[in-house]
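J.: Sequence first, predicted coordinates after that:
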Amino acid sequence: MSEKIAKHVSELLKQGKIEAFIGLKEQQGSKHIIPHIYTDGDNLDGFYTGFNEGADAKRYPLVKTLFHISKRYPEARLGILARGCDERGLKELYKWNQLNTEQVVTVGLACSKELAEFCECYKPYPDEFVEGEKVPGVDSERVKKVSALEEPERLKFWLDKFSRCIKCYGCRNICPMCFCKECSLEEMEFIETGKIPPENPIFHLTRAVHMAGRCIDCGLCEEACPVDIPLRILYKKVNNIIMDHYSYRPGFGEEKSPLNILGSRPDENNS
Amino acid sequence: MNFSNVSTICPYCGCGCGMILQTIDQEIINTLPSKSNPINEGKLCIKGWNVHDFVVSSQRATQPLIRKDGDLKEVSWNEVLEYVAKELMRIKDQYGPDSIAFMSSAKCTNEENFLFQKLARAVVGTNNVDHCARL
Amino acid sequence: MAGLAAAFGSGAMTNSIAELEDTKCIFIIGSNTSEAHPLIATRILRAKEKGAKLIVADPRKIQIASYADCHVQQRLGSDVALINGMMNIILKEGWEDKEFISERTEGIDALREMVEKFTPEKVEAISGVKEQDLRKIAELYAKSEVSSIVYAMGITQHISGVDNVKSLANLAMMCGNMGKEGGGVNPLRGQNNVQGACDMGALPNVFPGYQKVGDEKVTEKFEKDWNVKLSRKPGLTITDMFPAIEEGRLKALYVLAENPMLSDPDLKHVKKALSALDLLIVQDLFLTETAQLAQVYLPGVSFAEKDGTFVNTERRVQRIRKVIEPLGESRSDLKIIQELSAKMGYPMEYEDPSQVQEEIARLTPSYGGITYSRIENDGLQWPCPNEDHPGTVYLHKDKFTRGLGLFHAVDYVPPDELPDEEYPLALTTGRIFAHFHTGTMTRKSSALNKEVEKGFLEINPKDANKLGILGGEKVKAISRRGEISIEVLLTERMDEGVVFLPFHFAESAANVITNPAFDPVAKIPEYKVCAVRIEKIDEKKEG
Ligand code: SF4
Ligand code: SF4
Ligand code: SF4
């Protein structure tokens, strides 16, 4: 555990470089770690610093929270705790004109080897970081295993997993890359409403296709899925296909996804 | 700018999932599943995810009302509480405490249920108190 | 609740949610778990992945049934016969836990005699479940190392609701599945704080903590603490309240955050009764159907505008926290009750809900060790009698709350109303995934309304065909009590002869047609079975 990030954040706030910092907090007298927005550099009570202990339970969609705040306060300068995935998410939001680079100050955090392996993350660190050490990216064994299944088995694997879906929309709600005003999962022409499981596999394929060239592989969707569908395998696979065919990975570089066929207007406000 | 993240419990089914409600300037803008709650461990169902939608519903009725000439009319808290207290006392005196009944709620907190049955038992003097969950 | 209390001495869920994940066999009966208790279904699916066996007994092909090792579709209201049939086979095969029965229970002989009558042939005749399936579920349940029973309103909302529960308790005790991890009989509470409302004595016959009204020692304890004389006479249950209004015995009714106009089994009747009151006080968030009949409306607040505790279905007392200030003029329900009480000459002085909890702990032995500071983290599962007690994960460990577990010889009683020539279809009611209870909360949500906007009636395509009805067509559903018009949804989920109506929608309220006949002990109405007739709406007449 280190206080580096806390000190850094405190200074940013005190020097007026940011107006608010989106991070995590240890709830008073409790073990709950929840998102928190710090606005006073002298008061970082409960500031959570155990980021790299254990693999799960402490990641929240901070980027999405920042996104919500920026809609209300487009002028405010906001700091955010950013792991590799968070940074990828921010970069995509900049590309899609959902967020202004000027508005955001990232406070980088490199993930532990344990977390990187849990996530099978290809870049478990942001470009710059205040805390942690760079550990190498990890190839996904899970994707390999599922891809290795013969056709009928693979179909069965996925249909079986999807059949559990209870249509909570949690995978979409928590996703930092889901910011569309009109969500295609709610298009009644495609997907009949009012029943679970939703049409199998249309519901899941619709989302997978929509995430192609967008998903920054944070894995929050899978962690939020109440029926343990291995969604991250699906979206990683989609990412790999985009990589193989277009040499493109969301969250890297300045270019937009090659699948951005229609293009978007710079003033587009999609929220 | 005023933000908060408050951890609380889902108001719907008996699972009792932990959730975090996010606010900006006193308005609830989002629901997140609590990752450290031992029941739901970072997951919610569709009802839980949409909790923030009903709290701020424009259909909330937030004025005390008394029926006058057939219609419910807005009144002050003082007037409404005086009226209720007076009427309950009148009915109790006229017909006895068992002519009054209390229907409590499985949606309310323990503390509210406790005080509500105390109101029935200790103040009005009747055990006519039940809750709708049998139904 | 009454059924479990009679068998074990406590009516609460015996085991915990997380335990389900590691049990060896789960028997779901009368619970559409994935729609009504999704986060419990999570654990069940995980158990399944880990190799547990899954039995589902439900008249509908609900989602979770597709993962079952065996799914039986018993006829509506035939649960006692089904369970007795399972026990008949278990005893014949010698699969019962003899040691457990002799050491920890009483009353087996009468039960033995009763279940002897429930031969597989008889059970098939009553329930429609074939002998081989009955045998299979009996074997899966009895021969697994440890088995857990999960049930919900599909079991309790019958005239034989208490008997149904007693039967499940019989089954669990017979196989020694009580008082151990991963076992038990587990009622899933429909609403967030049903458990808490019961625990807190919002019941006509008990004080908080199930301490009996009329028990002299208990009553004196409360009299002393509250400094007032208390009535020793048990009060009216909700089901008894409406007749009492009609007979003029009940003049005033104070309704806290409930909507009996939608939740009560016989709507017309309720409306008449509520209108006959001298004084109807409704304290709620919305001007509900019930509030619109009131003389007085008191604006309370939602869970997000107050502090307090909820108790989930596994007896876990958890903290809810205030997120925003009360909207408009609304006030916290605690404050309203306190102010009213003061105006009635009995001031209740609490600064905040934690002080109310202190009084609860003082007067309620099972809550004795629960304080706000202790429940910041994970909450605490009662019984938690003192400050050092860690709470109780599963009940009845070495001893039942009542001492010995009591078997009840339960006979099958048919539902109050069965299909006949005039009303040929059996109707059952229940929940759907996107809405909750009477819809007062969920139907205010645009996202949920988008998912399911209005009520519908599920019917098997063959039945629809016979009636000449198409999917999406508006029809009349008529029972002896009333009629509603509603769109039909054709689905194989339903067996022939059975239709399903979700109960969340006021404009097609299920309780216009459901049967108000109720269980004589628990006073829970038979929402799960009644007889109906479906009629096409004559388009010419309706325009
Ligand atoms: S991993 Fe899931 S939540 Fe994260 S960006 Fe991809 S789709 Fe969205
Ligand atoms: S999170 Fe899981 S259950 Fe929920 S909609 Fe997504 S896939 Fe379905
Ligand atoms: S989120 Fe869903 S499963 Fe969890 S308590 Fe709420 S209604 Fe129940």
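T.: Perfect, thanks for sending it. Ligands and ions are numbered 1, 2, ... in the order given.

J.: phi, psi of B:Glu79?
T.: phi -60, psi -40 (degrees, to the nearest 10).

J.: how much space between it and C:Ser330?
T.: 16 Å (C-beta to C-beta, to the nearest Å). The C-beta positions use only the backbone N, C-alpha and C, and glycine is treated the same way.

J.: Just the element for the residue nearest the centre of chain B, please.
T.: Centroid check for chain B by C-alpha atoms, centre = their mean gives B:Cys108 as the closest residue, at 4.8 Å. In this assignment (DSSP states H and E), B:Cys108 forms part of neither any helix nor any strand.

J.: Next up, the contacts around it.
T.: Neighbouring residues of B:Cys108 by C-beta atoms under 8 Å, 6 or more residues apart in numbering or on different chains: B:116, C:193, C:197, C:256-257, C:333.

J.: what do you get if the cut-off is 6 Å, keeping everything else the same?
T.: Residues near B:Cys108 by C-beta atoms under 6 Å, 6 or more residues apart in numbering or on different chains: C:Ala257.

J.: Likewise for C:Ala361?
T.: So C:Ala361 contacts C:367-368, C:370 (C-beta under 6 Å, 6+ apart).

J.: Can you flag which of the residues you listed belong to helices?
T.: Applying DSSP state H to those, no entry is found in helices.

J.: Please identify which of the residues you listed is nearest to ligand 3.
T.: Of all those, ligand 3 sits closest to C:Ile370, with 20.6 Å by C-beta to the nearest ligand atom.

J.: Apart from its neighbours in sequence, what residue is nearest the closest residue to chain A within the stretch 51-200 of chain C?
T.: Closest to chain A within the stretch 51-200 of chain C is C:Gln63: 5.7 Å, counting by C-beta to the nearest C-beta. Leaving aside its chain neighbours, C:Gln63 sits nearest to C:Ser34 (4.5 Å; criterion: C-beta to C-beta, 6 or more residues apart in numbering or on different chains).

J.: C:Ala517: helix or strand, and which one exactly?
T.: In this structure, C:Ala517 sits in strand C:515-518 according to DSSP H and E.

J.: quick check, the helix or strand that that strand is followed by touching chain B?
T.: Next helix or strand after strand C:515-518 toward the C-terminus (DSSP H and E): strand C:525-526. No: between strand C:525-526 and chain B, judged by C-beta under 6 Å from any C-beta of the partner chain, nothing touches; the nearest distance is 6.5 Å.

J.: for stretch C:506-513, same thing?
T.: No: using C-beta under 6 Å from any C-beta, stretch C:506-513 stays clear of chain B, coming no nearer than 8.9 Å.

J.: And the chain, split by domain according to the record?
T.: Assuming you mean chain A. A:3-119, A:141-246 (automatic domain parsing).

J.: meant chain B actually
T.: Following automatic domain parsing, one gets these domains for chain B: B:3-55, B:61-95, B:97-135.

J.: Just say which of the ones you listed is most tucked in.
T.: Across the domains of chain B, averaging neighbours per residue (mean count of other C-beta atoms under 10 Å in any protein chain shown) puts domain B:97-135 on top, at a mean of 26.

J.: Need the mean per-residue confidence for it.
T.: Across domain B:97-135, the average pLDDT comes to 90.

J.: and residue 6, what pLDDT?
T.: Defaulting to chain A. Model confidence at A:Ala6, given as pLDDT, is 91.

J.: Chain C was what I was after
T.: C:Ala6 carries a pLDDT value of 84.

J.: again with C:Leu203
T.: The model's pLDDT for C:Leu203 equals 90.

J.: who does it bridge with?
T.: Counting by DSSP bridges, C:Leu203 is bridged to C:Val206.

J.: With A:Val104 instead?
T.: Note on A:Val104: beta-bridge partners by DSSP bridges are A:Leu78.

J.: so how many other residues sit close to it?
T.: Neighbours of A:Val104 under the rule other C-beta atoms under 10 Å in any protein chain shown: 20.

J.: got it, and A:Lys156?
T.: Neighbours of A:Lys156 under the rule other C-beta under 10 Å: 12.

J.: Same question for C:Asp225.
T.: By other C-beta under 10 Å, the residues close to C:Asp225 number 12.

J.: Show the pLDDT at it.
T.: 94.

J.: got it, and the one 5 residues further on?
T.: The predicted local distance difference test score for C:Leu230 is 93.

J.: next one: A:Glu114
T.: What the model reports for A:Glu114 is a pLDDT of 90.

J.: What strand or helix carries residue 81?
T.: Using chain A here. Per DSSP H and E, A:Leu81 falls inside strand A:78-82.

J.: ah, I was thinking of chain C
T.: Taking DSSP H and E as the definition, C:Ala81 sits inside helix C:79-93.

J.: who does that helix touch, helix- and strand-wise?
T.: Applying 3 or more C-beta pairs under 6 Å, 6 or more residues apart in numbering or on different chains; DSSP states H and E, one finds that helix C:79-93 contacts helix C:108-116, helix C:120-127, helix C:131-143, helix C:161-174.

J.: ok, residue 26 - contacts?
T.: Using chain A. Going by C-beta under 6 Å, 6+ apart, A:Glu26 touches A:33, A:46, A:48.

J.: wait, chain B
T.: Residues in contact with B:Gln26 (C-beta under 6 Å, 6+ apart) are C:Ile324.
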